[in-house]
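Asker: sharing a sequence plus its predicted fold:
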Amino acid sequence: MLFVFGNIVTQKYTKQSVQSLSGELEELKKSIRTEMDNDNGDNEKLLEELGIIEENWSLRHDKLAYYIEHNELEKVEDNLTGLTSLVNTKEYSDAIKELDKCAFILRHIEEKYAFNLQNIF
């Protein structure tokens, strides 16, 4: 019974974390596209948004690390670091690709650690 309760709690937190971060990444993607269209040369707003995302990830990472493999979490961190670098150098099309990879990895983590019969057996 405790096992099932623990899995429900961790799955809920994982799902909440993935949805929150995915939503933030989607908003960042819109901002990047706007910046690409306007080309005003000011990416400070993008870096600020990215800083908030990284801070949010850092807070969630510590709790997720208790029950999710570290290499899965490191993939997200690597993508966020690459994303920051690409936004800094204003390589927005590559930044969108990196952002999409990060969103994919987050969805993969959510699916991989979902509590269902397929994952049990």
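Answerer: Looks like it came in fine. Numbering: from 1, shown residues only.
Asker: every contact and neighbour count from this point should use C-alpha atoms.
Answerer: OK.
Asker: and the residue nearest the centre of the chain?
Answerer: residue 21 (4.8 Å; Cα atoms, centre = their mean).
Asker: what's the helix or strand for it?
Answerer: Using DSSP states H and E, residue 21 sits in helix 2-38.
Asker: what average pLDDT does that helix get?
Answerer: Average pLDDT, helix 2-38: 86.
Asker: next: stretch 68-87.
Answerer: 93.
Asker: which parts of that stretch are buried?
Answerer: By neighbour count on 16 or more other Cα atoms under 10 Å, the buried set for stretch 68-87 is 68, 73, 76, 77, 79, 80, 82, 83, 84, 86, 87.
Asker: turn the residues you listed into JSON lines, columns for secondary structure.
Answerer: Compiled in JSON lines, the buried residues of stretch 68-87 are given as follows (DSSP: H, G, I helix; E, B strand; the rest coil):
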{"residue": "68", "secondary structure": "coil"}
{"residue": "73", "secondary structure": "helix"}
{"residue": "76", "secondary structure": "helix"}
{"residue": "77", "secondary structure": "helix"}
{"residue": "79", "secondary structure": "helix"}
{"residue": "80", "secondary structure": "helix"}
{"residue": "82", "secondary structure": "helix"}
{"residue": "83", "secondary structure": "helix"}
{"residue": "84", "secondary structure": "helix"}
{"residue": "86", "secondary structure": "helix"}
{"residue": "87", "secondary structure": "helix"}
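Asker: is it possible to get JSON lines of these that adds distance to residue 29?
Answerer: Output for the buried residues of stretch 68-87, formatted as JSON lines (distance: Cα to Cα, whole Å):
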{"residue": "68", "distance to residue 29": "26"}
{"residue": "73", "distance to residue 29": "21"}
{"residue": "76", "distance to residue 29": "16"}
{"residue": "77", "distance to residue 29": "17"}
{"residue": "79", "distance to residue 29": "14"}
{"residue": "80", "distance to residue 29": "13"}
{"residue": "82", "distance to residue 29": "14"}
{"residue": "83", "distance to residue 29": "11"}
{"residue": "84", "distance to residue 29": "13"}
{"residue": "86", "distance to residue 29": "13"}
{"residue": "87", "distance to residue 29": "11"}
